[in-house]
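[1] Output the structure for:
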Amino acid sequence: MKLLFLGDVMGRAGRRAVTERLPRLRDSWKLDFVVINAENATSGVGLSGAHAKTLLEAGADCLTLGDHAFDQKDMLQFIESEPRVIRPLNFSKAAPGKGFRLFTARSGRKVLVTQALGQVFMKRPFDDPFSALEPVLKAHPLGGLAQAIIVDVHCEATSEKMAIGHWCDGRASLVVGTHTHVPTADATILKGGTAYQTDAGMCGDYNSVIGMEKDEPMRRFVTGMPRDRFTPANGEATLSGTYVETDDRTGRATRVAMVRDGGLLEAAAP
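    I've put the predicted structure just below:
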């Protein structure tokens with residue numbers, strides 16, 4: 001299968017880039033399944049139901065969230081009626097929605113998508129991501145019930161993302177990090193056949209401070225004092241993510257490449 005994972009969609013610029021460019025990428029790369037992390041798609045904080053529909057209509061098969069999963073309050077109801085939106089497994093036992101789901105790709109093959117939040121340097125004390133992922137991966141062996149498995153690890157610390165990647169090696173097709181909005185240059189296939197990248201980056205305007213207009217973040221760093229609210233940057237966005245090809249029989253990755261389409265970080269296609 002040919003899989004595409006796009007990193008955190010940041011505000012209007014990120015949504016615009018997805019709606020304008022994803023249909024072309026789906027067709028030209030003959031993608032079987034597309035996952036987008038969309039937890040910052042609405043004003044840079046959370047995801048509204050309306051914007052979730054926009055990204056799904058643009059060609060996403062599944063949207064993952066993160067620690068801002070329910071910052072847009074209508075998501076509390078929307079996620080119950082839209083199975084293509086996945087919240088973190090370990091967000092809260094009382095949270096609505098599901099932390100994993102088995103999807104049917106356009107090719108007819110089954111793809112499992114799941115997400116876990118990290119614990120290191122995060123603002124809230126989330127449950128252990130390893131314990132949350134274990135029963136899901138155990139119940140869905142790679143190459144068995146699921147022909148491909150995608151794990152979104154929404155973490156601050158690169159060390160925690162790498163630990164989860166190695167721990168999932170051989171049990172997932174792709175383990176990819178989100179949350180920091182900065183793409184890492186370490187896309188690789190681990191020894192057990194799992195494609196890995198520490199952070200997919202963001203789909204947003206990189207002429208910014210992790211997607212926000214530069215003035216207010218710079219002022220706070222320099223003076224230690226806030227003046228205005230953070231505002232998502234709205235220049236030309238770069239689509240950032242990870243492209244993976246898998247073996248149809250085993251589900252293991254056979255190829256992985258970093259994706260940079262448009263904007264400041266545009267690079268050659270995978």
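
[2] got the residue ranges for the strands in the protein?
    2-6, 8-9, 33-37, 62-64, 85-86, 100-104, 110-117, 148-154, 174-178, 188-189, 195-197, 202-203, 239-246, 253-261 (DSSP state E).

[3] which residue sits closest to R260, ignoring its sequence neighbours?
    Closest residue to R260 apart from its sequence neighbours, by C-beta to C-beta, 6 or more residues apart in numbering: A267 at 3.9 Å. Glycine gets a C-beta too; all of them are placed from N, C-alpha and C.

[4] which ones are touching the closest residue in space to L89 that isn't next to it in sequence?
    Residue nearest to L89 in three dimensions, not counting chain neighbours: G99, with 3.2 Å by C-beta to C-beta, 6+ apart. Shown in contact with G99 (C-beta atoms under 8 Å, 6 or more residues apart in numbering): 86-91, 114-116, 132, 136.

[5] For ChimeraX, what selects the buried ones among these?
    Filtering the contacts of G99 down to the buried ones (16 or more other C-beta atoms under 10 Å) takes a single ChimeraX command:
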select :86,87,88,89,90,91,114,115,116,132,136
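
[6] Between the contacts of G99, which sits nearest I164?
    A116 (7.2 Å; C-beta to C-beta).

[7] Mind naming the longest helix for this structure?
    helix 11-29 (DSSP state H).

[8] I would like the residues contacting it, please.
    Against helix 11-29 from outside (C-beta under 8 Å, 6+ apart): 2, 4, 6, 8-9, 31, 34, 36, 40-44, 51, 54-55, 57-60, 202-205, 211, 232-239, 243, 261-263, 269-270.

[9] repeat that with 7 Å
    2, 4, 6, 9, 31, 34, 36, 40-41, 43-44, 51, 54-55, 58-59, 202-205, 211, 232-235, 237, 239, 261-262 (C-beta atoms under 7 Å, 6 or more residues apart in numbering).

[10] Give me the buried entries from those residues.
    Counted by 16+ other C-beta under 10 Å, the contacts of helix 11-29 give 2, 4, 6, 9, 31, 34, 36, 40-41, 43-44, 51, 54-55, 58-59, 202-205, 211, 232-234, 237, 239, 261 as buried.

[11] Relative to K123, how far out is the residue nearest to L89?
    According to C-beta to C-beta, to the nearest Å, G99 stands 19 Å off from K123.

[12] Now do N207: how many residues are near it, please.
    Using other C-beta atoms under 10 Å, N207 has 16 neighbouring residues.

[13] For the residue lying closest to it once chain neighbours are set aside, give its distance to M225.
    In space, and not counting its chain neighbours, N207 is closest to G235: 5.2 Å by C-beta to C-beta, 6+ apart. When distance is defined by C-beta to C-beta, G235 is 26 Å away from M225.
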